[in-house]
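Undergrad: Sequence plus predicted model, see below.
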Amino acid sequence: MRKPNRRQLLMPDALVLVTGATGRIGKVVVADLLDRGYRVRATTRQAAAEDCREGIEWRVVNFASLCDYPLLVEGCDAIIHLAAELGDKYRMLQVNVGATRLLAKAAEKAGIGAFCYASSVSVYGSGRTVEIDEGSAVLTHDRDDRSEYWALPYVREYGRTKLCGEMGLRDAAWQTRYIILRPTVVVSVAEIIGIRDWSPVKRLLAAHRHAHHIYVGDVSDALIWFMQRALDGAYKPGEVAVYNLAEDDCATRRHIDFMRRAYPVSRDSRYRPLEVHWFADWMHDFLRFHTLPLRNPLWRMRFANDRLKASGYRFRYGMEKAVDQAIAQLRKESQENRGGSRHPL
């Protein structure tokens, strides 16, 4: 674990607003902040929250409806904005765009020092090039152009609304320092293992795909690291910095790479490493989307993290460590199923 930096020692009780605190990333971010000595104001759509540890204050907020944003941010030193809608088109406009803009305006009026926003690599759509960096072309923000993104309609809408959220931060930027992180496919150890629950057809067709996995613990760590860096004055007031949060150069890049490690230790036939030629996967998508754009699907793209590395950030865990944990868990399950040792490795 990293040692706390100078500001953490001077301000151990800084108050951080975390929206979407009960989501996949939010739960980890809240726990990490509390472990590092921060106080947390966490939002949830539910009336009851499970985490009642000292240092956490829960606010019930529905970002798709009216919200008192000035009251929500009052007294906060920083904001980590994770709340997002993925499925419903109307709610995506309200939450991913409208709420993000209003939260940024409230942050500016309150003099919030740092605002970290979890965007997504979906803002790039289907790239014209394989290599994608922060300067690559993004989606058309004000209309749905099917030719720009080889994906289902709700995924295209998600990408556009997350991009509009980014634009809302740029429009509001004045004195608050903004960090926009664009993570790839965020996974926990359980979700790495969960490939065995895919349908047989999906496992067969997608085995060759680049997974674009990024460990949820690293996403949390990066958000907090950049938040603290912004509070320390590493960015100018009103500056908006954008980083791809990707580890596409890890050793276990493809789904089949994990399957080849998982099958020998688990003997689970669902991990049997079979794959078909990528062209079959391409044709399957063509039949699903009824289009053949001259662009690259997600699994062919590679998201550069050179800017991330240049900032000084290094992954705290890394995907290889997360994969090792997944393999260890499968080995433990296999031993237990055979009546072997029940003790953790």
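TA: Noted; the coordinates are in hand. Numbers count the residues shown, from 1 in each chain.
Undergrad: residue boundaries of the helices in the stretch 151-300 of the chain?
TA: 153-172, 189-193, 200-206, 216-231, 255-266, 278-289 (DSSP state H, counting those that start in this stretch).
Undergrad: Looking at these, spot the one closest to residue 125.
TA: helix 153-172 (6.0 Å; C-beta to C-beta). Just so you know, the C-beta spots here come from the backbone N, C-alpha and C atoms, and that holds for glycine as well.
Undergrad: show me the contacts for residue 64.
TA: Applying C-beta atoms under 8 Å, 6 or more residues apart in numbering to residue 64 gives the contacts 85, 91, 94, 95, 99.
Undergrad: In CSV, could you pull the C-alpha coordinates for whichever helix or strand the second one is part of?
TA: Yep, that's residue 91 we're talking about. Following DSSP states H and E, one finds residue 91 within helix 89-92. Extracted C-alpha coordinates of helix 89-92, given in CSV (Å, rounded to 0.1, in the frame of the first residue of the first chain):
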residue,chain,number,x,y,z
LYS,A,89,-32.3,6.6,-23.0
TYR,A,90,-34.4,9.3,-21.3
ARG,A,91,-32.6,8.8,-18.0
MET,A,92,-29.3,8.8,-19.7
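Undergrad: Which SSE is immediately downstream of it?
TA: Counting by DSSP H and E, what follows helix 89-92 is helix 100-110.
Undergrad: Check the average confidence over that following helix, would you?
TA: For helix 100-110, mean pLDDT is 98.
Undergrad: and what of stretch 29-41?
TA: Here the average pLDDT along stretch 29-41 is 96.
Undergrad: next one: stretch 190-208
TA: 91.
Undergrad: One more: stretch 311-322?
TA: If you average the pLDDT over stretch 311-322, you get 97.
Undergrad: give me the beta-bridge partners of residue 44?
TA: As for beta bridges, residue 44 partners with residue 60 under DSSP bridges.
Undergrad: mind checking pLDDT for it?
TA: pLDDT, read off for residue 44, is 92.
Undergrad: Neighbours of it, how many?
TA: 22 (other C-beta atoms under 10 Å).
Undergrad: So it is in contact with residue 22, correct?
TA: Yes: using C-beta atoms under 8 Å, residue 44 makes contact with residue 22 at a distance of 4.9 Å.
Undergrad: So what's the gap between stretch 214-221 and the chain middle?
TA: 8 Å (C-alpha atoms, centre = their mean, to the nearest Å).
Undergrad: With mean neighbour count and distance to residue 146 as extra columns, can I get the helices of the stretch 151-300 of the chain in CSV?
TA: Output for the helices of the stretch 151-300 of the chain, formatted as CSV (neighbours: other C-beta atoms under 10 Å; distance: least, C-beta to C-beta, whole Å):
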stretch, mean neighbour count, distance to residue 146
helix 153-172, 21, 7
helix 189-193, 18, 29
helix 200-206, 16, 22
helix 216-231, 23, 29
helix 255-266, 19, 26
helix 278-289, 14, 8
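Undergrad: will you turn the ones you listed into TSV that also has distance to residue 138?
TA: Shown next, in TSV, are these (distance: least, C-beta to C-beta, whole Å):
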stretch	distance to residue 138
helix 153-172	6
helix 189-193	26
helix 200-206	25
helix 216-231	20
helix 255-266	27
helix 278-289	20
